[in-house]
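Novice: Predicted coordinates and the sequence they were generated for:
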Amino acid sequence: MDRDNSVNREAAPGQTGWLDRLIRSPLTRLLLFGGGIVALLLHLQWLSGVLAQGLGVGWLSGLIDVVLAILAVHFAYRGITRLLKRRTATELSLSGAPRETGVGLLTVTVGLIAVLGYYQVEGIGSWAALATGLGIAATSGYT
């Protein structure tokens with residue numbers, strides 16, 4: 001008597017189900033990565049508006065916005081990487097981040113330009129402008 005193997009059949013090595021193939025397709029990954037980060041950033045924008053009403057618009061509100069944006073993208077990336085790629089995001093670890101961001105190369109490049117005399121800090125217009133620029137750079141660099 002033949003048994004129906006279609007109900008409890010496990011996939012042979014190298015074979016995956018259609019749902020697994022769909023989730024792992026490049027288009028689905030792109031949509032899930034992008035959609036997840038956009039959804040988090042929209043929630044972050046709402047939260048930022050709520051905090052701005054309570055704190056007022058100022059440097060503290062801007063700092064909170066930057067920190068929340070970086071944290072949202074960080075945890076979204078880690079979660080989606082674990083879900084879709086089934087691995088940990090080692091490129092975000094303390095040992096992997098400098099290698100991925102190119103901090104050493106940037107430091108060496110600016111240092112060489114300064115040693116050659118083509119780079120000088122003449123002054124800062126205001127600390128608020130500096131903080132705004134650093135916030136924008138940190139957010140755009142991480143997200």
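Specialist: Thanks, I have it. Numbering: from 1, shown residues only.
Novice: Please report the distance of Tyr142 from Arg99.
Specialist: Tyr142 is 15 Å from Arg99, where distance means Cβ to Cβ, to the nearest Å. Where C-beta positions appear, they are placed from N, C-alpha and C, glycine not excepted.
Novice: Of these two, which one has the most company?
Specialist: Taking other Cβ atoms under 10 Å, Tyr142 and Arg99 do not tie; Tyr142 has more neighbours (16 against 11).
Novice: Surely the more buried one touches Leu71?
Specialist: No - when contacts are counted by Cβ atoms under 8 Å, Tyr142 is not listed as touching Leu71 (9.6 Å).
Novice: could you pull out the helices for this structure?
Specialist: 18-23, 26-55, 59-80, 97-101, 103-115, 127-142 (DSSP state H).
Novice: averaging pLDDT over each of those helices, which comes out lowest?
Specialist: Least confident of the helices of the chain, judged by mean pLDDT, is helix 97-101 with a mean of 69.
Novice: what residue is smack in the middle of the chain?
Specialist: Nearest to the geometric centre of the chain sits Val73, at 3.9 Å (Cα atoms, centre = their mean).
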